[in-house]
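Asks: this is the structure alone, sequence omitted:
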Ligand SMILES: Nc1ncnc2c1ncn2[C@@H]1O[C@H](COP(=O)(O)OP(=O)(O)OP(=O)(O)O)[C@@H](O)[C@H]1O
């Protein structure tokens, strides 16, 4: 089973407004055949709008979408023939798993033998052999979502669109299905656009991430690029830089910035943007080390809350000026402790 491969799907300044609300502000993106692309961002950033524009469920209010050079944004959804998987599985309750999966093929008047062969294969791919004669109500959420995925891939669509497909599942199932989706993508190579607000899910699944904010693309890149080199404080915040410490800038060259916290501590960090006097130093909670001595790039804080998380503790601490810090550490700490937190220069990103 493979999708009909295309070379390039191109979104050219795709815009969608609802009255005065601009949900998508001119999105440019090229998706290559076989790629797994995740659209990532918080609620309201425009990711479902982008997906629905691709599917043909929402007309554009500007721009164009082309598939190998042919314009498709004026085609209705059925003419585009993309597979869709939503968070509510939208299965037919009165049909068995097999009939649900084969429904699209029977609508296309696929010959019986061919239909059965393809349904068998899809059932096997999503590992539902034992459940294929049951009805949706007799299945768990994860199994229902497998049916929804099988129903989309059985049509061998050129593009599979997934809108938060795992968000109704519990944490353990979500992880299991995530691996399942990755496995399916690796074995079938179906071009996939996957919408999620969960950065971990996006990092784990996608070949490329598109980070959106208020309908605008902030960064496009591989998981490694976006995780290690976020382009601005917004993307950094989304990629786990929970600490955004307000600082003033004392010096900067091409690569580094020397900054001072409101407590008067000097930090040297990686300069990610041209800076004026005021900036933020972004640090991940796990990049602090608790040390005993004052020294370079070392903040002083008071521990407020300690949560035990197995191998390490999640600590909330406060700088002298009242700024809250999030720290992850395997040092044993207790509320009220005064601690010194060292962070290496390459782990401090300085943004405007
Ligand atoms: N049918 C609509 N009518 C009016 N405004 C809409 C409509 N659909 C979306 N919007 C607005 O467009 C913006 C983007 O919405 P969209 O659903 O694409 O965001 P999202 O990132 O997918 O969020 P969520 O994860 O909550 O679904 C929001 O401000 C939303 O309120």
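Replies: On my side now, so go ahead. Computed from a predicted model, the values in this text were never measured in an experiment.

Asks: from residue 255, how far out is residue 352?
Replies: For residue 352, the distance to residue 255 (C-beta to C-beta, to the nearest Å) stands at 16 Å. No exception for glycine: its C-beta is placed from N, CA and C like everyone else's.

Asks: then residue 87?
Replies: 43 Å.

Asks: ok, now residue 144?
Replies: Taking C-beta to C-beta as the measure, residue 144 falls 51 Å from residue 255.

Asks: ok so, going back, of residue 352 and residue 255, which one has the most company?
Replies: residue 352 (13 against 8; other C-beta atoms under 10 Å).

Asks: next up, the contacts around residue 49.
Replies: 16, 23, 24, 58, 215 (C-beta atoms under 8 Å, 6 or more residues apart in numbering).

Asks: one more pass at 7 Å, please.
Replies: 16, 23, 24, 58 (C-beta atoms under 7 Å, 6 or more residues apart in numbering).

Asks: among these, which are in reach of the ligand?
Replies: On the criterion C-beta under 6 Å from any ligand atom, residue 23 are the entries of the contacts of residue 49 that sit beside the ligand.

Asks: which SS state does the closest residue to residue 208 other than its chain neighbours fall under?
Replies: In this structure, residue 208 finds its nearest non-sequential neighbour in residue 37, 5.0 Å apart by C-beta to C-beta, 6 or more residues apart in numbering. Using DSSP: H, G, I helix; E, B strand; the rest coil, the structure places residue 37 in strand.

Asks: would you confirm that residue 37 contacts residue 211?
Replies: No: assessed by C-beta atoms under 7 Å, residue 37 is found out of contact with residue 211, at 11.6 Å.

Asks: am I right that residue 162 is in contact with residue 194?
Replies: Yes: contact criterion C-beta under 7 Å: residue 162 and residue 194 qualify, at 4.5 Å.

Asks: tell me the pLDDT of residue 2.
Replies: Looking at residue 2, its pLDDT stands at 60.

Asks: before we move on, the earlier item: ok, what's across the strand from the residue nearest to residue 208?
Replies: Here residue 37 sits in beta bridges with residue 193, residue 208, going by DSSP bridges.

Asks: could you pull up the residues touching it?
Replies: Taking C-beta under 7 Å, 6+ apart as the test, what residue 37 contacts is 31, 193, 206, 207, 208, 210.

Asks: out of those, which one sits closest to the ligand?
Replies: residue 210 (11.8 Å; C-beta to the nearest ligand atom).

Asks: kindly provide the distance from residue 11 to residue 65.
Replies: With C-beta to C-beta as the criterion, residue 11 and residue 65 are 6 Å apart.

Asks: of the contacts of residue 37, buried ones?
Replies: Buried members of the contacts of residue 37, counted by 16 or more other C-beta atoms under 10 Å: 31, 193, 206, 208, 210.

Asks: now render the residues you listed as a markdown table, adding distance to the ligand.
Replies: As requested, the buried ones among the contacts of residue 37 are arranged in a markdown table below (distance: C-beta to the nearest ligand atom, whole Å):
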| residue | distance to the ligand |
| --- | --- |
| 31 | 18 |
| 193 | 13 |
| 206 | 16 |
| 208 | 18 |
| 210 | 12 |
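
Asks: which residue, other than its chain neighbours, is closest to residue 31?
Replies: residue 9 (4.4 Å).

Asks: just checking, the one you found touches residue 29?
Replies: No: counting by C-beta under 7 Å, residue 9 does not reach residue 29; the two are 8.4 Å apart.

Asks: more neighbours, those two?
Replies: residue 9 (23 against 19).

Asks: what about the more buried one, which SS state?
Replies: strand.

Asks: show me the contacts for it.
Replies: 31, 67, 159.
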